[in-house]
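[1] Everything below, folded, please.
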Amino acid sequence: MMFSSSVASRNFGALASRAVKSSRQSSTLLRASASTLASSNATNSISHSTPKHGISPLPFTATAANTNTATSIQSRSLSMGMPRRGFPQYTIFGPDSALSVRAVLPQFKRAGNDGVSVDRRGKLVLEFIPRNNTGAGFSWQDKTLFSLSVEEVGLVLSQLPGNSMELSHPTYNASSPNDGYGGDGQDTNVTQLSGEVVEKVMTVEPGEGATLTFKVDYMKGGVGGQTPPGMEGLPTTPLEVTIQAGEFEVLKSICQTSIPYILGWNTCMDIASAAAISKGVSGGGNY
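    The predicted structure is shown next:
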């Protein structure tokens, strides 16, 4: 009987020992599985957050800072608004003088209750700027203007570069010779000077190598270098600039594209087209 009890006790002890070992092995396996799972999740997280090209994303703090900076720049841009004025100008620099062209847009007026029409046409203005006496830079305050009406712009396009041409304007006493509409006979609100007529004359002569020479002068009786009465202190004339073939092509393109603008044609056409579309889609029928 005691022998059986001893055997049972030994068997029980062996079972208990195996149970402890099995428990330790299970714990080790659980820890290994947990470690493997954590490593796998980390790897998956990295693989999902890494772009296909293999460049790791920036840290969150840097991304947030970049986002805040972009938002701040966009906010400042919106607060500044769009510019309301533009100053298109093209300048050709010669050894002694510069030639610059700029546009003066038309003036508009109300037509009827809800319409608009052109009150005064615009023009292209040629500016002849002499070089400073020191030879450095140009004396912009001493520039001489010559304005081109839309018809004169058309004449320039039809005659140049193959033919020579001459345009002349009677001199007028305007309040501001360098403003948008005065100074060269294009303003109807100024009076002609008394005495013999001194004209402002612009000539264009073709030269060698497809060059063109633009010259402006004050002339009386065919003699240049004149000063109109009551307008002493004008810059010394003549002023001339020779331009190359490529520069004339740019000038020609400016003249061609400017005609609808200085006429006000494109502005009025856009308004009329918008009104026609609005009337059509609202069922207003034909005019």
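
[2] any idea where the strands of the protein begin and end?
    Per DSSP state E, the chain has strands spanning 89-93, 97-104, 107-111, 115-120, 123-130, 144-148, 165-170, 172-173, 191-192, 199-206, 212-219, 239-243. These are given in chain order.

[3] Including distance to Ala275 and mean pLDDT, could the ones you listed go into TSV?
    All C-beta atoms are positioned from the backbone trio N, CA, C, and that covers glycine. TSV is the format used below for the strands of the chain (distance: least, Cβ to Cβ, whole Å; pLDDT from 0 to 100):
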stretch	distance to Ala275	mean pLDDT
strand 89-93	33	97
strand 97-104	26	97
strand 107-111	12	95
strand 115-120	9	95
strand 123-130	28	96
strand 144-148	32	95
strand 165-170	38	94
strand 172-173	39	62
strand 191-192	40	48
strand 199-206	40	95
strand 212-219	42	95
strand 239-243	43	96
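
[4] For Ala272, find the nearest of those.
    Across the strands of the chain, Ala272 has its closest neighbour in strand 115-120 (9.0 Å, Cβ to Cβ).

[5] Show me what that closest one is packed against.
    strand 107-111, helix 265-281 (3 or more Cβ pairs under 8 Å, 6 or more residues apart in numbering; DSSP states H and E).

[6] could you dump the strands of the chain to a markdown table with distance to Tyr261 and mean neighbour count?
    Formatted as a markdown table, these follow (distance: least, Cβ to Cβ, whole Å; neighbours: other Cβ atoms under 10 Å):
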| stretch | distance to Tyr261 | mean neighbour count |
| --- | --- | --- |
| strand 89-93 | 14 | 14 |
| strand 97-104 | 7 | 20 |
| strand 107-111 | 12 | 12 |
| strand 115-120 | 11 | 14 |
| strand 123-130 | 10 | 22 |
| strand 144-148 | 13 | 23 |
| strand 165-170 | 21 | 15 |
| strand 172-173 | 25 | 18 |
| strand 191-192 | 29 | 10 |
| strand 199-206 | 22 | 20 |
| strand 212-219 | 22 | 20 |
| strand 239-243 | 23 | 21 |
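
[7] do you know which of these lies nearest Leu263?
    strand 115-120 (7.2 Å).

[8] what angle sits between that closest one and helix 265-281?
    On the basis of axes from the mean of the first three to the mean of the last three Cα atoms, to 10 degrees, strand 115-120 is oriented at 170 degrees to helix 265-281.

[9] okay, strand 115-120 in CSV with CA atoms only?
    Below are the C-alpha coordinates for strand 115-120, written out as CSV (Å, rounded to 0.1, in the frame of the first residue of the first chain):
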residue,chain,number,x,y,z
GLY,A,115,-24.9,100.8,-71.5
VAL,A,116,-21.4,102.1,-72.1
SER,A,117,-19.7,103.6,-75.1
VAL,A,118,-16.3,105.2,-76.0
ASP,A,119,-16.1,108.9,-75.1
ARG,A,120,-12.5,109.3,-76.4
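
[10] coming back round to it: quick one, which of the strands of the chain is nearest to Ile259?
    strand 123-130 (9.1 Å).

[11] Give me the residues contacting the closest one.
    Applying Cβ atoms under 8 Å, 6 or more residues apart in numbering, the contact partners of strand 123-130 are 96-104, 138-140, 142-150, 153, 186, 202, 214, 216, 235-236, 239-241, 254-255, 258, 262.

[12] what sits against the closest residue to Glu199 other than its chain neighbours?
    Using Cβ to Cβ, 6 or more residues apart in numbering and skipping the chain neighbours, the partner closest in space to Glu199 is Ser168 (4.5 Å). The contact partners of Ser168, by Cβ under 8 Å, 6+ apart, come to 199-202, 219.

[13] likewise Ala98?
    91-92, 127-129, 131, 138, 241.

[14] Between the residues you listed, which sits nearest Ala111?
    Closest to Ala111, out of all of the contacts of Ala98 and judged by Cβ to Cβ, is Glu127, at 33.0 Å.
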